[in-house]
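Enquirer: Here is the input, now give the coordinates:
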Amino acid sequence: MRHLSVPSEQTQVWLQRCKANGWLGETGVVEVDGRHRGLPLHDDAPSEQDPFWEGFPHVDLEPKRRGPMHWTERLPPALQSLPESTWPGSYEMQGDVLIFKLDEASKPHAEAIAAAMLAQIPNVRIVCADDGVKGDFRVRDLQPLLSRDGDTTTRTRVREHDQVVDVDPGEVYYSARLAHQRKKTFDEVQAFQKKLGRSLVVADPYAGVGPAFVLMLKQKGLLRGYLAGDLNPKAAELLEHNIARWTGKNSTAFSPASIVCKDARTWKDEPTLCGQADVVLVNLPHDSFEHLPDLFPLFVPHGEGMLRGWAIIERTSLESRVEQLETLVRAAGGTPKNAHVLEIKDFSSTRCFVMFQTLITWD
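Expert: This is a model prediction of the structure:
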């Protein structure tokens, strides 16, 4: 097949030129020697003598065939004739762990699916089937199907906002989809800190592995302390590990610097956890509003604080939620300001995922 031979450092320039003129072939770039690359050309591209090529030669090379574009193309030939609906339509990646749901049609072919996915996606270490949630902490029931190196653990690392976060989808909850919400939380906390003119203490009783703190702990002068915790011991363990990394194991730079593993509703009974937070984050979507009365004692009992949280609610109740939020704040002895409840996305046909926030002046 005819290829244009160009110096390696000019490969991208000539790829763009050939593509812009519709002369780039469909196969891949081929190495000619250590210093030149061969770009595949369509049959209708001009001859080697055309001035367009600026004297670069055309060479006849074996085309580099593109690999399969989708993992299903790597399934055994005997399975290729099965209906497309047999195969999972989507999957999720957390670090090097790939997770997908099996239904009755695909379950008999689970290992073949896993092998095809491993072959198609080189950065996957282990493929797991998601059998729903289990236990008191409602974590995923992951069934390891196939591992590239024999390691069947689901502990892995993800990157969020240029920081490393250790997670374990088989033991704790973590959602990469909420990274945008966490960035907005950082922006809101930063704006609140500038308004008050001093460093803050942030309490997150439902911190999971701690991604809400990724940006806040890295921003010099934003936090003077933190109260972080989770009821799941596995989450609390990873939370402590992650915060140690993000603070450079220099927790003495923060006061308070508490990581606890206990029910958030009991934090109010601990003197070391009460009356210290300028900001309280509440991310227990199915129960956030119900837990608020037990969380207000975490705030500094004077001055201004900020409450920010997330909830899953019936869409029909959306219009009444601001009033409910303000009523809860007043019942706790505070005065709400700029309270709002915003729908973020659908959760089901009747329910939606919302963010709620209010400033609170404590009398």
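
Enquirer: what's the distance between the nearest residue to S47 once chain neighbours are set aside and D168?
Expert: Of all residues not flanking S47 in the chain, H58 sits nearest, at 7.7 Å (CB to CB, 6 or more residues apart in numbering). From N, CA and C alone the C-beta is placed, and that goes for glycine too. Look at H58 and D168: by CB to CB, to the nearest Å, they are 54 Å apart.

Enquirer: For these two, indicate the residue with more neighbours.
Expert: Between H58 and D168, counted using other CB atoms under 10 Å, D168 has the larger neighbour count: 23 against 19.

Enquirer: roughly how far apart are that one and S317?
Expert: Separation of D168 from S317 (CB to CB) stands at 34 Å.

Enquirer: got the contact list for the residue nearest to S47?
Expert: Contact partners of H58, counting by CB atoms under 8 Å, 6 or more residues apart in numbering, are R2, H3, L4, S5, L41, S47, E48.

Enquirer: so what's it scoring on pLDDT?
Expert: pLDDT, H58: 95.

Enquirer: The residue of the chain positioned farthest from its centre: what secondary structure?
Expert: No residue in the chain has its C-alpha farther from the mean C-alpha position than Q49, which lies at 52.3 Å (CA atoms, centre = their mean). Three-state assignment for Q49 (DSSP: H, G, I helix; E, B strand; the rest coil): coil.

Enquirer: same thing with the one 3 residues further on?
Expert: Assigned with three-state DSSP, F52 falls in the helix class.

Enquirer: Look at it and say how many residues are nearby.
Expert: F52 sits with 14 neighbouring residues when counted by other CB under 10 Å.

Enquirer: how close does the closest residue to it other than its chain neighbours sit to R125?
Expert: Distance criterion CB to CB, 6+ apart; nearest residue to F52, sequence neighbours excluded, is P46 at 5.8 Å. Distance, P46 to R125, by CB to CB: 47 Å.

Enquirer: again, but for P293
Expert: Per CB to CB, P293 is found 44 Å from R125.

Enquirer: which residues touch H3?
Expert: With contacts taken as CB under 8 Å, 6+ apart, H3 has the following neighbours: G25, V30, V32, G38, L39, P40, L41, H58, V59, D60, L61.

Enquirer: again, only using 6 Å
Expert: Taking CB atoms under 6 Å, 6 or more residues apart in numbering as the criterion, H3 is in contact with G38, L39, P40, V59, L61.

Enquirer: correct me, but G208 touches A235?
Expert: Yes - the pair G208 / A235 is scored as a contact, 5.2 Å apart, by CB atoms under 6 Å.

Enquirer: How is this structure partitioned into domains?
Expert: Domains of the chain are assigned by automatic domain parsing as 2-60, 71-154, 175-362.

Enquirer: now do the same end-to-end measure for the last one.
Expert: Pointing back at domain 175-362 there. For domain 175-362, the first-to-last residue distance is 33 Å (CA to CA, to the nearest Å).

Enquirer: can you check stretch 215-222 too?
Expert: End-to-end span of stretch 215-222 (CA to CA): 10 Å.

Enquirer: Am I right that F353 sits in a helix?
Expert: No - read with three-state DSSP, F353 is strand and lies in no helix.

Enquirer: the more surrounded of P293 and R125?
Expert: Ranked by neighbour count (other CB under 10 Å), P293 and R125 place R125 first, with 18 against 13.

Enquirer: How about that one: what's its closest non-neighbour residue?
Expert: D96 (3.8 Å).

Enquirer: in the lengthiest helix in the chain, what's buried?
Expert: Looking across the chain with DSSP state H, the single longest helix is helix 179-196. Buried residues in helix 179-196, counted by 16 or more other CB atoms under 10 Å: A179, Q181, R182, T185, F186, V189, F192, Q193.

Enquirer: now the helices: where do they sit in the chain?
Expert: In the chain, the helices defined using DSSP H lie at 11-20, 110-120, 179-196, 213-218, 233-246, 288-295, 321-331.

Enquirer: Go through the fourth one and flag the buried ones.
Expert: Neighbour counts over helix 213-218 (16+ other CB under 10 Å) mark F213, V214, L215, M216, L217 as buried.

Enquirer: No further questions, thank you.
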